[in-house]
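Peer 1: need a structure here:
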Amino acid sequence: MSIKLLDTQKDRIVYEAFCKKQNASVFNSMSWLGIYGEHLQLYGIFNNNDELTGALFIFKTKKKTFTLNITPPFSANNGLFFENRSENNSNIQTTVKHVMEEVADFCKKLNSDLLVFVLPASINDAQPFIWKKFKVKVKYTYHVDLALTQDALLANLSSEKRKSLNKAQKDGLEIKESTDMKTVKQLILKTFSRKQVSKNIVYLDKILFEFANVSNAIAFVAYDKGEAIAATFCVYDSGTAYYLFGGFDSAQKHHGAGVTCMWNSILKAKELGLRTFDFEGSMLPEVEKYFREFGGKLTPYYEVSKAKFPLSLYYK
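Peer 2: Next up, the predicted model:
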């Protein structure tokens with residue numbers, strides 16, 4: 001098994017065909033990866049017959065004199081996925097272990113002052129990284145099962161969230177599915193500014209104005225008397241919708257605006273035939289509570305990191 005850079009047009013064609021065959025995540029699509037330009041390095045995982053059996057990607061950048069190999073801004077993870085042809089449980093787990101050992105070795109060999117590598121929630125074996133002295137941190141997201149009926153999804157909401165939906169309806173808020181990304185961006189930036197979150201404006205713009213279309217993104221905007229006051233934005237693939245951004249105007253804040261946009265995003269994902277709505281997690285207590293109250297299942301995933309001094313202090 002080996003991991004090699006996919007840097008030719010032929011490599012990319014083979015990779016795209018493999019992604020389609022494996023129903024890979026939206027974050028593995030070339031249209032998504034193209035957002036990051038020369039900073040994105042795409043790697044293939046090859047078996048002993050030199051056949052492509054998996055992939056991952058790294059966002060490489062510099063901060064002053066430091067080299068950073070990290071998860072791309074706004075990506076859910078580093079896109080690790082691989083084919084597992086094993087049939088019994090022992091062999092399935094052995095294959096996973098071998099792949100993860102290879103990925104851990106690959107990460108160790110990268111010339112990084114800081115490495116941050118996020119595993120998708122579908123991969124629950126981070127043990128080889130622990131063995132190789134990486135720091136492994138458990139994080140959490142919430143997954144909503146879209147196979148449930150709309151009534152069951154509504155019943156799973158907290159009483160507070162159902163009250164918010166009722167208040168939005170009672171107060172006459174208008175919730176519209178939107179392709180007006182200028183309005184969506186304005187609301188997102190208002191929230192980002194309030195929370196002092198790094199904006200990564202270049203990548204935000206590329207996602208909203210170059211990547212997003214009706215076949216891969218969902219956006220809802222809440223209006224109060226014609227004024228846009230809240231928005232949600234998700235991307236999706238063949239099975240999952242991922243909540244990426246939300247925003248609201250604090251000057252015209254309404255308790256039910258954002259909740260109703262999120263609820264409509266969940267219903268839209270169900271209407272599209274998707275299996276899961278992924279809140280993309282948060283370790284901030286107030287944000288975790290907000291996500292939890294939509295009734296999803298708490299789902300762990302792993303973040304792997306290694307940093308040289310003094311970046312270890314910075315990252316901590």
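Peer 1: Okay, helices next: where are they in the stretch 1-150 of the chain?
Peer 2: Read by DSSP state H, counting those that start in this stretch, the stretch 1-150 of the chain holds these helices, from start to end of the chain: 9-22, 30-33, 89-109, 127-131, 150-156.
Peer 1: Can you show me the strands along this protein?
Peer 2: With DSSP state E applied, the chain shows strands at 2-5, 40-46, 52-63, 66-70, 81-82, 114-118, 135-145, 174-177, 217-224, 227-236, 240-248, 276-278, 297-307, listed in chain order.
Peer 1: Could you list the low-pLDDT ranges of the stretch 101-250 of the chain?
Peer 2: Flagging of the stretch 101-250 of the chain using pLDDT under 70 yields the residue ranges 193-199.
Peer 1: Could you rerun that using 90?
Peer 2: In the predicted model, the stretch 101-250 of the chain carries pLDDT under 90 at residues 111, 190-201, 249-250.
Peer 1: which residue is nearest the middle of this structure?
Peer 2: Closest to where the C-alpha atoms of the chain average out (C-alpha atoms, centre = their mean) is residue 76, at 2.4 Å.
Peer 1: My understanding was that that residue contacts residue 119; is that so?
Peer 2: No - at 10.2 Å, residue 76 and residue 119 do not qualify as touching, with contact defined as C-beta atoms under 8 Å. For the C-beta atoms, the positions are set from N, CA and C on the backbone; glycine is no exception.
Peer 1: so which of the helices of the stretch 1-150 of the chain comes closest to residue 64?
Peer 2: For residue 64, the closest of the helices of the stretch 1-150 of the chain is helix 89-109, at 22.3 Å, according to C-beta to C-beta.
Peer 1: Which residues are in contact with the nearest residue to residue 258 once chain neighbours are set aside?
Peer 2: Here the nearest residue to residue 258 in space, its sequence neighbours aside, is residue 230; by C-beta to C-beta, 6 or more residues apart in numbering that works out to 4.4 Å. When contacts are counted by C-beta atoms under 8 Å, 6 or more residues apart in numbering, residue 230 touches 187, 221-222, 246-249, 254, 257-258, 260-261.
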